[in-house]
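In: Next one to model:
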Amino acid sequence: MYPMLFLTNVDGSLKFADATNAFRYFQVMSNELGSPKVVRCPSDRERVIATNFGSGFGNANVSYFTGLDADEAWPKIFLAGDRNVTNGTAVQNGVLTVNTNRPIGWTAEIHGASGNLCLGDGSVVMLNNAGLTGNMAASETNRFRLLLP
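Out: Purely as a prediction, here's the structure:
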(Lines give C-alpha, C1' and ligand atoms only; values in the text may rest on other atoms or scores of the structure.)
Protein backbone atom coordinates (compact mmCIF):
# COMPACT_ATOMS: atom_id res chain seq x y z
CA MET A 1 0.00 0.00 0.00
CA TYR A 2 1.31 3.46 -0.84
CA PRO A 3 2.02 5.58 2.27
CA MET A 4 -0.44 8.22 1.12
CA LEU A 5 -3.19 5.58 1.11
CA PHE A 6 -2.15 4.13 4.46
CA LEU A 7 -2.31 7.49 6.23
CA THR A 8 -6.04 8.10 5.87
CA ASN A 9 -8.90 8.59 8.29
CA VAL A 10 -11.93 6.29 8.37
CA ASP A 11 -13.81 8.70 6.07
CA GLY A 12 -11.01 8.46 3.48
CA SER A 13 -9.56 11.92 4.13
CA LEU A 14 -5.79 12.22 4.47
CA LYS A 15 -4.50 12.44 8.03
CA PHE A 16 -1.38 14.47 7.35
CA ALA A 17 -1.98 16.37 4.11
CA ASP A 18 -0.75 19.76 5.25
CA ALA A 19 2.49 21.69 5.25
CA THR A 20 3.36 20.85 8.85
CA ASN A 21 3.16 17.08 8.38
CA ALA A 22 4.66 16.31 4.97
CA PHE A 23 7.49 14.36 6.61
CA ARG A 24 5.02 11.79 8.01
CA TYR A 25 4.70 10.12 4.61
CA PHE A 26 8.41 9.32 4.70
CA GLN A 27 8.43 8.49 8.40
CA VAL A 28 5.86 5.74 7.87
CA MET A 29 8.31 4.11 5.41
CA SER A 30 11.24 4.19 7.84
CA ASN A 31 11.63 0.38 7.92
CA GLU A 32 11.91 0.24 4.13
CA LEU A 33 14.10 3.32 3.75
CA GLY A 34 16.64 2.20 6.34
CA SER A 35 18.21 5.60 6.96
CA PRO A 36 16.75 9.11 7.06
CA LYS A 37 19.72 10.25 5.01
CA VAL A 38 17.97 9.09 1.83
CA VAL A 39 15.14 11.64 2.15
CA ARG A 40 17.55 14.57 1.85
CA CYS A 41 18.93 15.21 -1.62
CA PRO A 42 22.71 15.87 -1.55
CA SER A 43 22.10 18.89 -3.83
CA ASP A 44 19.50 20.40 -1.47
CA ARG A 45 21.51 22.74 0.73
CA GLU A 46 18.40 24.05 2.55
CA ARG A 47 17.58 20.71 4.18
CA VAL A 48 19.37 19.09 7.12
CA ILE A 49 20.41 15.43 7.23
CA ALA A 50 18.51 13.62 10.00
CA THR A 51 20.10 11.02 12.26
CA ASN A 52 16.89 9.05 12.86
CA PHE A 53 13.19 8.92 12.02
CA GLY A 54 12.19 9.68 15.64
CA SER A 55 11.06 12.81 17.44
CA GLY A 56 13.64 15.10 15.81
CA PHE A 57 12.62 14.16 12.26
CA GLY A 58 10.58 16.76 10.36
CA ASN A 59 10.04 18.71 7.16
CA ALA A 60 13.46 20.35 7.48
CA ASN A 61 14.96 16.91 6.77
CA VAL A 62 12.95 16.12 3.62
CA SER A 63 13.85 17.20 0.07
CA TYR A 64 10.96 15.51 -1.72
CA PHE A 65 7.26 16.03 -2.29
CA THR A 66 4.71 13.26 -1.85
CA GLY A 67 2.08 12.59 -4.52
CA LEU A 68 -1.18 12.40 -2.57
CA ASP A 69 -3.23 10.85 -5.36
CA ALA A 70 -1.19 7.72 -6.02
CA ASP A 71 -3.13 4.84 -7.49
CA GLU A 72 -1.83 1.47 -8.66
CA ALA A 73 -3.97 1.84 -11.78
CA TRP A 74 -1.80 4.78 -12.92
CA PRO A 75 1.83 3.61 -13.38
CA LYS A 76 3.01 7.10 -14.45
CA ILE A 77 1.50 8.96 -11.46
CA PHE A 78 3.99 10.97 -9.38
CA LEU A 79 4.71 9.19 -6.09
CA ALA A 80 7.49 11.55 -5.02
CA GLY A 81 9.94 14.02 -6.47
CA ASP A 82 12.21 16.96 -5.81
CA ARG A 83 10.46 19.67 -3.82
CA ASN A 84 11.40 22.41 -6.31
CA VAL A 85 8.37 21.67 -8.49
CA THR A 86 5.98 24.48 -9.40
CA ASN A 87 3.11 25.41 -11.67
CA GLY A 88 3.34 29.14 -11.05
CA THR A 89 0.53 29.19 -8.48
CA ALA A 90 0.68 29.57 -4.73
CA VAL A 91 0.95 26.39 -2.69
CA GLN A 92 -2.11 26.01 -0.43
CA ASN A 93 -1.16 24.64 3.01
CA GLY A 94 1.74 22.72 1.51
CA VAL A 95 -0.29 21.19 -1.33
CA LEU A 96 0.42 22.08 -4.95
CA THR A 97 -2.51 21.11 -7.16
CA VAL A 98 -1.28 20.20 -10.62
CA ASN A 99 -3.51 20.04 -13.67
CA THR A 100 -3.22 20.31 -17.42
CA ASN A 101 -4.33 23.97 -17.40
CA ARG A 102 -1.17 25.18 -15.62
CA PRO A 103 2.31 24.39 -16.98
CA ILE A 104 4.32 22.34 -14.51
CA GLY A 105 8.04 22.92 -14.15
CA TRP A 106 11.08 22.97 -11.93
CA THR A 107 12.56 25.99 -10.23
CA ALA A 108 16.33 26.47 -10.33
CA GLU A 109 16.58 25.90 -6.58
CA ILE A 110 18.03 22.36 -6.42
CA HIS A 111 19.07 20.94 -9.82
CA GLY A 112 18.69 23.94 -12.06
CA ALA A 113 15.68 23.56 -14.33
CA SER A 114 15.44 19.81 -13.78
CA GLY A 115 14.47 17.36 -11.06
CA ASN A 116 13.86 13.77 -10.06
CA LEU A 117 10.55 11.89 -10.05
CA CYS A 118 9.59 8.55 -8.55
CA LEU A 119 6.70 7.13 -10.56
CA GLY A 120 3.96 4.66 -9.70
CA ASP A 121 5.63 1.92 -11.73
CA GLY A 122 8.68 2.10 -9.42
CA SER A 123 10.94 3.91 -11.85
CA VAL A 124 12.91 7.04 -11.01
CA VAL A 125 13.72 9.56 -13.71
CA MET A 126 15.57 12.86 -13.87
CA LEU A 127 13.74 15.26 -16.15
CA ASN A 128 14.01 18.78 -17.48
CA ASN A 129 10.89 20.96 -17.70
CA ALA A 130 9.80 19.50 -21.05
CA GLY A 131 10.20 15.96 -19.71
CA LEU A 132 8.22 16.82 -16.59
CA THR A 133 5.37 18.19 -18.72
CA GLY A 134 5.46 15.05 -20.88
CA ASN A 135 5.35 12.75 -17.86
CA MET A 136 2.41 14.65 -16.44
CA ALA A 137 0.56 14.21 -19.74
CA ALA A 138 1.31 10.46 -19.61
CA SER A 139 0.12 10.10 -16.01
CA GLU A 140 -3.40 9.07 -17.10
CA THR A 141 -5.06 11.71 -14.94
CA ASN A 142 -5.41 15.42 -15.53
CA ARG A 143 -5.22 16.54 -11.89
CA PHE A 144 -3.27 15.49 -8.84
CA ARG A 145 -1.92 16.95 -5.61
CA LEU A 146 1.70 17.16 -4.47
CA LEU A 147 2.44 17.67 -0.76
CA LEU A 148 5.59 19.79 -0.37
CA PRO A 149 7.69 19.74 2.80
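In: Give me the three-state assignment for the spatially most central residue of the chain.
Out: In the chain, the centroid-proximal residue (C-alpha atoms, centre = their mean) is Phe65; its distance is 2.1 Å. Look at Phe65: counting by DSSP: H, G, I helix; E, B strand; the rest coil, its state is strand.
In: Show me what it is bridged to.
Out: Under the criterion DSSP bridges, Phe65 forms beta bridges with Gly81.
In: Gln92 now?
Out: Note on Gln92: beta-bridge partners by DSSP bridges are Val95.
In: now it: how far from Pro103?
Out: Separation of Gln92 from Pro103 (C-beta to C-beta, to the nearest Å): 18 Å. Any C-beta I mention is one placed from the backbone N, CA and C, and that applies to glycine too.
In: Phe65 too?
Out: From Phe65 to Pro103 the distance is 17 Å (C-beta to C-beta).
In: before we move on, what about Gly81?
Out: Noted for Gly81: a distance of 16 Å to Pro103, by C-beta to C-beta.
In: Who has more neighbours out of these two?
Out: Set Gly81 next to Pro103 and count neighbours by other C-beta atoms under 10 Å: Gly81 wins out with 26 against 13.
In: need the contact list for the more buried one.
Out: 64-65, 67, 115-118, 146 (C-beta atoms under 8 Å, 6 or more residues apart in numbering).
In: again, only using 7 Å
Out: Going by C-beta atoms under 7 Å, 6 or more residues apart in numbering, Gly81 touches 64-65, 115-118.
In: Please report phi then psi for the residue lying closest to Glu46 once chain neighbours are set aside.
Out: Spatially, and ignoring its direct neighbours in sequence, Glu46 is nearest to Glu109 (7.8 Å; C-beta to C-beta, 6 or more residues apart in numbering). For Glu109, the backbone dihedrals are phi -60, psi -40 (criterion: degrees, to the nearest 10).
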